[in-house]
Structures are given as structure tokens and as C-alpha cells.
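> model this:
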Amino acid sequence: MRKTRILSALLAFTFLLSGCSSPKPAESVINVKSPAETTSEAIETTTEETTKAPEPFVFNPHLHCSLLSEIVTEDMWQSLYNMIDAVRAGEDTFKCTDENAYKWCTDEVTIGSFLPPACTFVVGNGYEDGIGKLKYKMDKDKLSQREKAFEDEIVRILNEATVSDRSEFERLMDLYDYMCKNWVYDYKELDGQGIDDFSDYACLTKKNGICCEIAGAFSYLLLQCGIEAMPFGTSCEHDWTYVVISGKGYHVDATWGLHGDYPNDPLNLQYFMMTEAERLPQLQNADQLQATWIWPWKTGYDLKRFSATDETFSALHSGAYYEGIDTERNVIKYKDLDGNPHELSYGDM
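Residues are numbered from 1 along each chain as shown. Now for the predicted structure:
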């Protein structure tokens, strides 16, 4: 399922209740509202507050993935954010804690994963005394337009796919359903194609790709709406996304969930929220697991940090077709292979 990698070996009200006003002179006219009037106003106010639309998603240029803590320190994250801000402003330098942080920030995998439009068009140009230097391989105005169009598209996707006031799990479910319906697998050859044809950027903007692109693009969208995620896979075979919900890890494979030639068919949940015991038997090279954003930098990392043992969703993996989600009762509605309706509770995730 994997083609040759081009990227290196990828967001109170405070109510001040003014107590009682000073007593008024006897001749003053005081308007006293009846309990019914007061109650009616309270109901109207409550209804207005209850029906207020959730805040729309806005683009977050400073994504953070705690799963990388084994190799990326907080100082390195800040250096990356400095670099991202510099590129978005068209600047040639950024503050960087040390040369190690500089190398990580300017690596193609890092830029391709956290600043997709700039991948291969912005590269490192040296480090000296806490300052990282940048070199642009695209006109800065054109790169700015490219970045703006990309950010607008990400915001459009997020607000079309899900709602900001939903829980982490509900946002994950919405985005999985959305991607599987709207992306297609790319069977074209890679030879001679550039970053606009093979990358997380290409996958996010063109809505197609192979497994490693889809895994990276899905991870990017999840991070944008506050869900811990990163690409995961096996050497030279297949990639998917590892997610953390309510402190528990799961394997989610958007590639194998794509509708493909049957876009109107219901979503198959067989590859959604899998345990490692369910995931590994499906792979030929299960002994070669890789955390995609880590292995280019460190090969001896602890894979136990990426465990997935919670069986809450196992009933879905023998054949379940998504019918919808009831966010009031916290249940997924689905049908089995025989068309029988079922519900599965996801609790307070």
C-alpha cells in the first residue's frame, strides 16, 4: 500500500449582579414585574443561550503532538512555532534554542507534517547563535497565497465535517466519516511527480492519496481540532493513524475505510478504533511497526507508549455499517451484516 516516500526516511461570561439600588422616594414610580413576566424573560434568555451556535473552527498554525515527547522537547516546539510564524510572515530568520532544534524544525518531514504548504519550498539555510536561517525556493508572495488558500481549505473542511462543541470522540467520528466519504485512493504512478502530487499537502487539497498521505492528512485534521494523533504503520507496507481519546490509544485506518467506488454506501466501521490485537493480524509485517514522525530521528523508541488495548469498540470490527451518532445519549448507531440495527455506547469520551 505504500509508495516511495518523498518526505525524509512526516483553541466567561462573568455576571455582575448589581444588588439592590438605593431606596427611592415615595413619589417615584417603581415598575414591578410579575413573577410570570420574570419567568417568561428567564425562559427566553435561557432558550437564547441554549440555541447559540457553537464557535466555528479557526486555523491553528501551532499544532502540538504530545506523542512526540520522546524526541521533541517544549523548547523544540517553540522553535518550530517561531519558524512557522516567520514563514507565514515571509521572514528569513527565526529564534531557535539550539542546532538540534534547528535541524528538526527545518527537516522535510517536520515541515511537511506541520507546515504542509511550505514543504520543499522553504528549507534551512544555517544556524548561528540562537538564530535559524531560512531559504525560500518559491516567491514569497506566491507562498503566502498558497498558505492562505490552504488555511482557508482546512477551516472549511473542519466546519463542514464537525462541530467545535462536540466531544473529542464525536469530532473524531465526524472527521472519519467525512474523510472516508470525500477522499479517494490514488492509484496513479508517482514517477516524475512533485510535492503537489505526493504529500500531506497534496492529499489535503486534492482529496486523494495513498495510505501514508491519508494517514498524515487525517492526523493533521485531528490535531487541528484538538485530538492527539499521528501517522503509524509498518515498514514498506501500510500506514494508518494512531489516536488518543480520553487517555486511551486506538488504531484508526481511514485508507481501508474509504468508500472508493461506492460513495453512497454506508461507512464500514471495521477499521475504526481498533486495538493492537485486532490491527496486527491484518498486517504482513506486524513486527516492523513504526511511529512515522519519530523513526527518522530515533529508532530505539518505546513502542509501548503507543499501546491500544481498550475493547470498547470491538463489536464494530466484525462488520458494522455506520447509521449515525446520538450525541445526547452518547451512542453510535449501526447495522450488522444482516441489516439488524444496534447501538454502542461510547460513554463520556
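> same for whatever helix or strand residue 344 lives in, what does it pack against?
Assessed by DSSP states H and E, residue 344 sits inside strand 341-345. With contacts defined as 3 or more C-beta pairs under 8 Å, 6 or more residues apart in numbering; DSSP states H and E, the packing partners of strand 341-345 are strand 331-335. In this view, the C-beta of every residue, glycine as well, is placed from N, C-alpha and C.
> between the two ends of stretch 222-229, how far is it?
Its first and final residues considered, stretch 222-229 spans 6 Å by C-alpha to C-alpha, to the nearest Å.
> can you check stretch 252-260 too?
From the first residue to the last, stretch 252-260 extends over 17 Å; the measure is C-alpha to C-alpha.
> let me see the mean pLDDT of that stretch.
Averaged across stretch 252-260, pLDDT comes to 94.
> just the buried positions in that stretch, please.
Burial within stretch 252-260, assessed by neighbour count using 16 or more other C-beta atoms under 10 Å, is assigned to 252, 253, 254, 255, 256, 257, 258, 259.
> give me the sheet partners of the strand holding residue 344 and which way each runs.
Here strand 341-345 has these sheet partners by DSSP bridges: strand 331-335 (antiparallel).
> put the alpha carbons of the strand it pairs with into CSV.
As requested, the backbone C-alpha atoms of strand 331-335 are provided in CSV (Å, rounded to 0.1, in the frame of the first residue of the first chain):
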residue,chain,number,x,y,z
VAL,A,331,-24.2,6.1,21.3
ILE,A,332,-23.2,5.1,17.8
LYS,A,333,-26.0,3.7,15.7
TYR,A,334,-25.0,0.9,13.3
LYS,A,335,-26.3,-2.1,11.4
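> identify the residues contacting it?
With C-beta atoms under 8 Å, 6 or more residues apart in numbering as the test, strand 331-335 has contacts from 173, 266, 269, 316, 320-326, 341-346.
> let's go with 10 Å and repeat that
Under the criterion C-beta atoms under 10 Å, 6 or more residues apart in numbering, residues 169-170, 173, 266-269, 272-273, 313, 315-316, 319-326, 340-347 lie in contact with strand 331-335.
> starting at the chain centroid, how far to it?
23 Å (C-alpha atoms, centre = their mean, to the nearest Å).
> flag every buried residue along it.
So for strand 331-335, counting by 16+ other C-beta under 10 Å, buried means 331, 332, 333, 334.
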